[in-house]
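1. Give me a 3D structure for the following:
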Amino acid sequence: MTLYVRLGFLCALVLSFIVGRVIYALFLSPYKNVPGPKLCKVTRYWAVYHDLRLRRIDKIYEWHRKYGDVVLIAPGEVSVSNAALTREIYGSTGRHPKSNYFDNFLMYGQRPIFCILDVKEHRQMVKRTFAFYQSTSVYKQTTLQPVWTNVRKFLDQLKTITKVQSTVDVLLHCNFYSFDNITRLVYGPELCARTIEDAGCEERKILEGWKEVEVWNNLSYNFPRLHSIIRAVVSRVKKDPAFLSAEERLTEWNMAKIVSARRDPDKMVAGSLLHQLSNNKTPDGGSFSIPWIAAEMLDNIHAAQSTVALALTYALWNLARHPEWQDRIRGELLALPVKEDGLPKFDDIMAAPVLDACIRECNRLYPQSSGRAERVVPATKAYGGIVLPTGTVVSTSTLAIHQRPEVFADPHTYRPDRWLEADEATLRTMESCYMPFGYGARLCLGKAFAMAEIKLLTAGILLEFGLCDDPQSVTTDRSMEQLGTQNAMVRGRRCDIKFRHLTERERSRASIHDAFGPTVPYSCLNGFDFTLLFEESILTLLPLLLAVLILIPRAVVLWKTAPKVKRSWLFAIKFVTFAIYIFLQIVLLALVADPSAPATRLTLPLLILTIVSSIWILYVSCLEHVRSVRPSTILCFYLGISCLLDLARARTVFFIPGFHAVAPVYLASYFVKLALLAEEVIEKRRLLMPQWRETSPEAAASVYSRVLFVWLNGLFLRGYKTLLTVSTLTPLDQDILDSSRPTKLLQRWGKADKTRNTALLWTFVCHYRWDLLAGVLPRLAYIGFTFAEPFLVQRVLDFTAEPEGPNTRNFAYGLIGAYALVHVGKALSLAFYEHMTYRALTLFRGSLVTIIFDKTLRLSASSVKDAEAITLMSADIDRIGLCMQVLHDVYASLVELLFSLWFLSRLLGIGVIPPTAFIVGK
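-> Here you go, the predicted model:
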């Protein structure tokens, strides 16, 4: 047999084997019905290829999007991306042991808790360490205080670095931070690392090379012999390469710590994991061996160091790209109550909802548990309708679960608000698909400690620095992609972020009020307050601008009017009070102008505008006092509304730390404004010039007197004491008197086209347009107050069904105030609009009678139609009056109908359409 024949025969055998393998995998294998790529059904090396390219995680995610929740990624190996299947496989009721993949993580020839394959054995070991890591142990002052100490060291290091350069590789420094924390927890304060503060320590050199170890480990997992050969060759070519020696150096460092603790027991501090394991017993009553303890300690370091560092890196990187969320977190933290050292309590930081939402969203987008958490199917069973035989290796794709579009809207976008605004059912669904630390009985034991590390450092950084991208750095979206390593290493192995030192004002607790809000974070006064910026812009600036603009045409009218009131003591008091108010605003301006004073971006412009506007209002007030018989309606209305709205601002100012000098001055200016309101509403009847002293009480009354009908009290009192006669009645309003002598109306009527049927109607409407429009605003206000009632009732019912919380009493008082406002407003608006309606009716009636009587006098004695004119003076005028009583109901009914349909549609949805169509059709 020649060589060529042998080679041909060998090729035929190989080809036959490949063809047989393909036929078996596609048509005969028990996995033939499992969805997935064809190559994955034939060979495992298609997944290995992507694993070596560090693309395994992303590729499996793509396969799940294409093939569904259950995907075959290699012969005998399946990936799932369904939360229910994940719970079934990893849940506490599951009996799925780990696969042999975890043999790659043996240390010192021992099998630590992470590598234990059997479920029962793992549970026994968890009992010895779980209490150490559970939240009730981690969230203690004694545990979190060292973490916060490392946070302060980290911040001090950042301040030192940023004096030279503003851009920092946060991945490297987060590695130092997480390494110091975990070694402090497991070894104790005597043996822990100090990589943050000691720039020349051995541990820093180990960590600088550890990032490359993550990448090279993928080769060792798939081809351990090839990895050993490459290590040997590279070690000869390049002495002590960091990316190859880091793991050995860390192993030696760890063992040295254990041996040192055994030789000197004083270094083994109670409360550390080393102390706990050294004093625990094996199931047969013996002590754990030093290699096993060393393996367990190193296992904890591996599990906690890289994952926390990477999670922190991604959290800070996302916040740097979203400054609006930095502001929200900073505002939330600044609103928290502080301890004696001026820092928030640890429990409050851990419970801060906005901070928690940002960390959750980052962990959702970049899960650190996206490595190979493989389990073995203990018995043939159907998973998601697909039967998997015994021995099948099954794992979950955390990335695919975290980015399910039917659970997380816009899943590839950083949106922390999804965790804050979701209703209870949606939030429950999202949490069932959120597993950044794994799931079930074998999830990460250090979850609570990791979250404490992440939240405390993020909070500390945002209280001192502002973060932003550095456009000149090498960090890009691609360089921040997750690689397919066990701990999802960053592709670029670094993350450059630019740090900006916050100003004193930004670091003050008043900065939470420099957001529009409108409400403050829940951590500040339980969220029961407006932000100062909202109060300054909406509750103060808006009424001020409206008043200033409306006073301009009013001042023009007054300037053309002759004086009607004497200058007296009231004029002088108003002038002095306005001067005091302006002076207090200048004092406030001087106090707030200090850069260290807590204020918003609008505080200084608002105070300057207030000073200028107050001078203008003072001028108009002087004109109103001298040239108007009644108190200024515009000024009374503005001052009244302003005093009411300023109550909220006064409350806020007193609760802002750092406003101890501003608050008393602001309160003094508020009381001066109240004095101005009291002075403006004083009637000037006794100060009128002789020719104006017969002015009617209504014409001389303030707007509040007219709305509350206080001006009638004098008439009632006189009627109570004496008999009312024509001579004892008060003078009529000049407009009503003029309606009986409508010279201008007669002239307009003379020019009207009397051939039109509506000539008389439009003549009256044009002449008395302002009197008719005077009832529109109170009628619309009555509609608003009426429709506010059902919303208020619904809110009260919801309030009574809610459990009692810290804001229960405040909301109760708020609802009482809302009820009072609605019902008082409803009563006043109804009374005022009806008063305006009957006033217009009186004007119409008086003018109609005068016109008809004038026409009657002009008729000839022989005219036969004079009787019709007399009839109009009685029956038709009464009918016109009855119609005018419902004049404002014409448009108000339409508005009320639209609001009613909208309100019903909120409750019935499209079910409101049939009855609406029936009513319209009828």
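2. Just give me the neighbour total for Gly814.
-> As a burial measure, Gly814 scores 14 neighbours (other C-beta atoms under 10 Å). In this view, the C-beta of every residue, glycine as well, is placed from N, C-alpha and C.
3. which strands and helices sit next to the host helix or strand of it?
-> Gly814 is located in helix 808-858, with elements delineated by DSSP states H and E. If contacts are counted by 3 or more C-beta pairs under 8 Å, 6 or more residues apart in numbering; DSSP states H and E, helix 808-858 sits against helix 703-707, helix 734-739, helix 743-751, helix 759-767, helix 769-773, helix 776-801, helix 866-871, helix 877-885.
4. Would you reformat those helices as TSV and include mean pLDDT, distance to Leu544 and mean neighbour count?
-> Shown next, in TSV, are the helices and strands packed on helix 808-858 (pLDDT from 0 to 100; distance: least, C-beta to C-beta, whole Å; neighbours: other C-beta atoms under 10 Å):
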stretch	mean pLDDT	distance to Leu544	mean neighbour count
helix 703-707	85	18	18
helix 734-739	72	31	16
helix 743-751	76	37	13
helix 759-767	80	34	16
helix 769-773	82	25	14
helix 776-801	87	20	15
helix 866-871	56	55	12
helix 877-885	78	38	13
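5. Output those in TSV; the columns should cover distance to Trp419.
-> Formatted as TSV, those follow (distance: least, C-beta to C-beta, whole Å):
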stretch	distance to Trp419
helix 703-707	48
helix 734-739	62
helix 743-751	67
helix 759-767	58
helix 769-773	50
helix 776-801	22
helix 866-871	76
helix 877-885	56
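6. model confidence over stretch 86-93, on average?
-> For stretch 86-93, mean pLDDT rounds to 75.
7. try stretch 184-204
-> 85.
8. So what touches that stretch?
-> Contacts with stretch 184-204, where a contact means C-beta atoms under 8 Å, 6 or more residues apart in numbering, come from 143, 146, 150, 153-154, 157, 173, 175-177, 179-180, 183, 207, 249, 253, 257, 260-261, 266-269, 271-275, 297, 300-301, 449.
9. Any buried residues in it, and which?
-> Residues 184-188, 191-196, 203-204 are the ones in stretch 184-204 that count as buried (16 or more other C-beta atoms under 10 Å).
10. Show me which pair in these is furthest apart.
-> Gly188 and Arg204 (20.5 Å; C-beta to C-beta).
11. low-scoring pLDDT stretches of the stretch 1-150 of the chain, where are they?
-> Scanning the stretch 1-150 of the chain for pLDDT under 70 picks out 1, 92-94, 126-141.
12. Got the confidence number for Ser669?
-> pLDDT, Ser669: 93.
13. As a check, name the ranges of all helices in the stretch 51-200 of the chain.
-> For the stretch 51-200 of the chain, the helices defined by DSSP state H, counting those that start in this stretch occupy 56-67, 83-90, 119-133, 135-138, 141-162, 170-187.
14. and these as TSV, adding distance to Thr426?
-> Output for the helices of the stretch 51-200 of the chain, formatted as TSV (distance: least, C-beta to C-beta, whole Å):
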stretch	distance to Thr426
helix 56-67	22
helix 83-90	14
helix 119-133	30
helix 135-138	25
helix 141-162	32
helix 170-187	32
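15. quick one on the thing from earlier: now, which of the buried residues of stretch 184-204 sits nearest Gln124?
-> Closest to Gln124, out of all of those and judged by C-beta to C-beta, is Val186, at 20.4 Å.
16. Of all the residues in the helix or strand where Leu644 lies, which ones are buried?
-> Secondary structure assignment for Leu644, by DSSP H and E: helix 633-655. Residues 633-640, 642-643, 646, 648-650, 652-653, 655 are the ones in helix 633-655 that count as buried (16+ other C-beta under 10 Å).
17. now do stretch 570-586
-> Leu570, Phe571, Lys574, Thr577, Phe578, Tyr581, Ile582, Leu584, Gln585.
18. and what of stretch 82-91?
-> For stretch 82-91, by 16+ other C-beta under 10 Å, it's Asn82, Ala83, Leu85, Thr86, Arg87, Glu88, Ile89, Tyr90.
19. Kindly report the same for stretch 676-695.
-> Residues Leu676, Leu677, Glu679, Glu680, Val681, Glu683, Lys684, Arg685, Leu687, Leu688, Trp692, Thr695 are the ones in stretch 676-695 that count as buried (16+ other C-beta under 10 Å).
20. Secondary structure, distance to Tyr439 and pLDDT added to the residues you listed, as a markdown table?
-> Shown next, in a markdown table, are the buried residues of stretch 676-695 (DSSP: H, G, I helix; E, B strand; the rest coil; distance: C-beta to C-beta, whole Å; pLDDT from 0 to 100):
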| residue | secondary structure | distance to Tyr439 | pLDDT |
| --- | --- | --- | --- |
| Leu676 | helix | 66 | 93 |
| Leu677 | helix | 64 | 92 |
| Glu679 | helix | 70 | 92 |
| Glu680 | helix | 68 | 91 |
| Val681 | coil | 68 | 90 |
| Glu683 | coil | 76 | 87 |
| Lys684 | coil | 79 | 85 |
| Arg685 | helix | 81 | 80 |
| Leu687 | helix | 82 | 83 |
| Leu688 | strand | 84 | 82 |
| Trp692 | helix | 85 | 79 |
| Thr695 | coil | 83 | 79 |
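21. Return the closest of these with respect to Ser613.
-> Among the buried residues of stretch 676-695, Leu676 lies closest to Ser613 (C-beta to C-beta), at 13.1 Å.
22. was I right about the closest one contacting Lys574?
-> Yes - if you go by C-beta atoms under 8 Å, Leu676 and Lys574 touch, sitting 7.3 Å apart.
23. related to what we said a few turns ago, out of the buried residues of stretch 570-586, flag the one nearest to Pro411.
-> Closest approach to Pro411 among the buried residues of stretch 570-586 (C-beta to C-beta): Gln585, at 51.8 Å.
24. So for the closest one, what's the pLDDT?
-> Listed pLDDT for Gln585 reads 93.
25. same deal with Pro241?
-> On pLDDT, Pro241 comes in at 53.
26. Check the one 10 residues further on too.
-> Residue-level confidence at Thr251 comes out at 83, pLDDT.
27. again with Glu504
-> Looking at Glu504, the pLDDT reads 67.
28. Remind me which helix or strand Phe408 belongs to.
-> Going by DSSP H and E, Phe408 is not in any helix or strand.
29. so who does it touch?
-> Arg364, His402, Arg418, Met430, Cys433.
30. do Val407 as well
-> Thr429, Met430, Cys433.
31. Now render those as JSON lines, adding neighbour count and distance to Pro563.
-> Listed next are these as JSON lines, based on neighbours: other C-beta atoms under 10 Å; distance: C-beta to C-beta, whole Å:
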{"residue": "Thr429", "neighbour count": "17", "distance to Pro563": "74"}
{"residue": "Met430", "neighbour count": "19", "distance to Pro563": "71"}
{"residue": "Cys433", "neighbour count": "21", "distance to Pro563": "77"}
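32. Could you check how far Glu252 is from Ser397?
-> 36 Å (C-beta to C-beta, to the nearest Å).
33. try Phe654
-> 54 Å.
34. for Ala818, same thing?
-> 51 Å.
35. do the same with Pro605
-> Taken as C-beta to C-beta, the span from Pro605 to Ser397 is 54 Å.
36. related to what we said a few turns ago, tell me the one among the contacts of Val407 nearest to Tyr31.
-> Distances from Tyr31 to the contacts of Val407, taken as C-beta to C-beta, are shortest for Cys433 (26.1 Å).
37. That closest one touches His402, doesn't it?
-> Yes - contact between Cys433 and His402 holds when scored by C-beta under 8 Å: they sit 6.9 Å apart.
38. Am I right that Lys589 is in contact with Leu607?
-> Residue 589: Leu, not Lys. Yes - judged on C-beta under 8 Å, Leu589 makes contact with Leu607 at a distance of 4.4 Å.
39. So between these two, which is more surrounded?
-> It is Leu607, of Leu589 and Leu607, that has more neighbours when counted by other C-beta under 10 Å, with 21 against 16.
40. Now do the contacts for that one.
-> With contact taken as C-beta under 8 Å, 6+ apart, Leu607 is in contact with Gln585, Leu588, Leu589, Val592.
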